[in-house]
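In: Okay, here's the prediction I keep looking at, along with the sequence it came from:
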Amino acid sequence: MIEPFTLWGNTVDVDAIEKKLTGLDWDKYTFRQKTFSVHSNTKTIPLLWNEKPNHDVIVKHPHYTLFEQELSEIQTKFPPGRLHTAILINLPAGLSIPTHRDAAQHFKLYNRIHIPIITNPKCLFTVGGETIHMKAGELWEINKHQVHSVENNGEEDRIHLIIDCDFE
């Protein structure tokens, strides 16, 4: 049986990432929210993200260079492989991501890693029947084939760095 969550052994110092979040325009990029209704409550800063279903092409967005060093450091925490997607996701306080299952072809090809940058104890992530709070700097792989949801019942926005990668 595949576990709903896998905590990778190492944590990441997210202070440098958090400092760089100041001044980002969270309302500018809306493709993900408009295309996938389940994510309509979120806000996205794409770093590596391809809007078209082409898995051979990795698109570097303008903010990628701002976070490139941190992404390189994070990648050393995983087995060798290629980063395909890296996005910052803001789930505002009091909002949620409803229960859903990621079914696109993309999710059959890549491992999905969540790294909380800013969070609070009232932000809960559920995969399958298990619910946890992910602490800032932890590296969590989620079983994206199971239904999952997120509730941010806190008074602070939750920001995760989500990375999709294929391990060699």
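Out: Yep, it's here. Numbering: from 1, shown residues only.

In: can we go C-alpha only for contacts and neighbour counts from here?
Out: Will do.

In: so how far is stretch 75-92 from its chain's centroid?
Out: 7 Å (C-alpha atoms, centre = their mean, to the nearest Å).

In: which residues are in contact with the lowest-mean-pLDDT helix or strand in the chain?
Out: Lowest mean confidence among the helices and strands of the chain (mean pLDDT, DSSP states H and E): helix 106-109, at a mean of 76. Applying C-alpha atoms under 8 Å, 6 or more residues apart in numbering, the external contacts of helix 106-109 come out as 53, 55, 144, 145, 166.

In: ok, which stretches of this protein are strands?
Out: Along the chain, the segments classed as strands by DSSP state E run 5-11, 43-48, 81-91, 96-100, 111-118, 123-127, 130-132, 138-142, 148-152, 158-167.

In: For the second one, list every residue counted as buried.
Out: Within strand 43-48, the residues that qualify as buried by neighbour count (16 or more other C-alpha atoms under 10 Å) are 43, 44, 45, 46, 47, 48.

In: What subset of the contacts of helix 106-109 is buried?
Out: If we count by 16+ other C-alpha under 10 Å, the contacts of helix 106-109 have these buried: 144, 145.

In: mind saving the C-alpha coords of the lengthiest helix in the chain as PDB?
Out: Counting residues, the longest helix found in the chain (DSSP state H) is helix 64-75. Output of helix 64-75 as PDB, limited to C-alpha atoms (Å, rounded to 0.1, in the frame of the first residue of the first chain):
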ATOM      1  CA  TYR A  64      12.500  31.600 -11.900                       C
ATOM      2  CA  THR A  65      15.800  33.400 -11.800                       C
ATOM      3  CA  LEU A  66      14.800  35.000  -8.400                       C
ATOM      4  CA  PHE A  67      14.400  31.500  -6.900                       C
ATOM      5  CA  GLU A  68      16.900  29.500  -9.000                       C
ATOM      6  CA  GLN A  69      19.500  29.200  -6.300                       C
ATOM      7  CA  GLU A  70      17.000  27.900  -3.700                       C
ATOM      8  CA  LEU A  71      15.600  25.400  -6.200                       C
ATOM      9  CA  SER A  72      19.000  24.100  -6.900                       C
ATOM     10  CA  GLU A  73      19.700  23.600  -3.200                       C
ATOM     11  CA  ILE A  74      16.300  21.900  -2.700                       C
ATOM     12  CA  GLN A  75      17.000  19.500  -5.600                       C
END
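
In: Does anything pack onto it? Which helices or strands?
Out: Packing partners of helix 64-75 (3 or more C-alpha pairs under 8 Å, 6 or more residues apart in numbering; DSSP states H and E): helix 15-20, strand 43-48.
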